[in-house]
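# Sequence plus the predicted model coming up.
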Amino acid sequence: MKVLLLNGSANKKGNTFTALTEIASRLEKNGVESEIMQLGNKPVRGCIACGQCQMKQLSRCVFDDDVCNRIVEKLNEADALIVGSPVYYGQPNGAVMAVLQRAFFSGRSGAGHRGYADHAHAGRQHGLAAEEDPRQRPARLS
């Protein structure tokens, strides 16, 4: 089994990375291969719903100027995805939402879109209930 851990924080070695590193360590102690992928601090474009990925059955986004297609490729190799993100105003940060929406939509014609998702989160009181719904939505649409 292989798990992709996506660090959605712009801070490469911050709290989100620390949490994902601990998860990866526990997974590997239990014989599960894992890889942490850094989303980075460069701009990530949102989906414009052009539909080219679906019409041409590309299994990737036609825009190849950010990290999205690398994530789609890694998702196709992985059995599970764990997303770590700072919570801003009750939701994962904008870059995480943009790249996940594009990756899940453009990868739907390939092996990377499997269906069920769940998550765990830690944080202060404010926003955790509102934060959990956006990350569940792409899996429910499959």
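Received it, and whenever you're ready, just let me know what you need.

# For this structure, which segments count as helices?
15-29, 52-55, 68-77, 94-106, 128-140 (DSSP state H).

# Sketch out the low-pLDDT regions of this protein for me.
Within the chain, the ranges that satisfy pLDDT under 70 run 108-142.

# So residue 98 versus residue 20, what's the distance?
For residue 98, the distance to residue 20 (Cβ to Cβ, to the nearest Å) stands at 19 Å. (C-beta placed from N, C-alpha, C; glycine too.)

# circling back to that earlier point, residue 7 is nearest to which of the helices of the chain?
Proximity to residue 7, assessed across the helices of the chain by Cβ to Cβ, is greatest for helix 15-29 (5.3 Å).

# which residues sit against that closest one?
With contact meaning Cβ atoms under 8 Å, 6 or more residues apart in numbering, helix 15-29 is reached by 3, 5, 7-9, 11, 33-36, 38, 82, 84-86, 122.

# Let me know the distance separating residue 72 from residue 31.
The spacing between residue 72 and residue 31, counted by Cβ to Cβ, is 26 Å.

# out of these two, which sits in the more crowded spot?
Higher neighbour count among residue 72 and residue 31: residue 72, with 26 against 7, using other Cβ atoms under 10 Å.

# Quick check: that one touching residue 59?
Yes. Residue 72 is within contact range of residue 59, at 7.0 Å (criterion: Cβ atoms under 8 Å).

# taking the helices of the chain together, which one is wrapped up most tightly?
Using mean count of other Cβ atoms under 10 Å, the stretch among the helices of the chain with the largest mean neighbour count is helix 94-106, at a mean of 22.

# what angle do that helix and helix 68-77 make?
Angle between the axes of helix 94-106 and helix 68-77 is 60 degrees (criterion: axes from the mean of the first three to the mean of the last three Cα atoms, to 10 degrees).

# Just want the angle from helix 94-106 to helix 15-29.
Using the same axes, to 10 degrees, helix 94-106 lies at 50 degrees relative to helix 15-29.

# Tabulate the CA atom coordinates of helix 94-106 in PDB.
In PDB, the C-alpha atoms belonging to helix 94-106 read as follows (Å, rounded to 0.1, in the frame of the first residue of the first chain):
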ATOM      1  CA  GLY A  94      -7.100  28.400  -1.300                       C
ATOM      2  CA  ALA A  95      -4.200  26.700  -3.000                       C
ATOM      3  CA  VAL A  96      -5.100  23.400  -1.500                       C
ATOM      4  CA  MET A  97      -8.800  23.800  -2.600                       C
ATOM      5  CA  ALA A  98      -7.800  24.900  -6.100                       C
ATOM      6  CA  VAL A  99      -5.300  22.100  -6.700                       C
ATOM      7  CA  LEU A 100      -7.600  19.400  -5.300                       C
ATOM      8  CA  GLN A 101     -10.600  20.500  -7.300                       C
ATOM      9  CA  ARG A 102      -8.500  20.500 -10.500                       C
ATOM     10  CA  ALA A 103      -6.700  17.200  -9.700                       C
ATOM     11  CA  PHE A 104     -10.000  15.400  -8.800                       C
ATOM     12  CA  PHE A 105     -11.800  16.700 -11.800                       C
ATOM     13  CA  SER A 106      -9.100  16.200 -14.400                       C
END
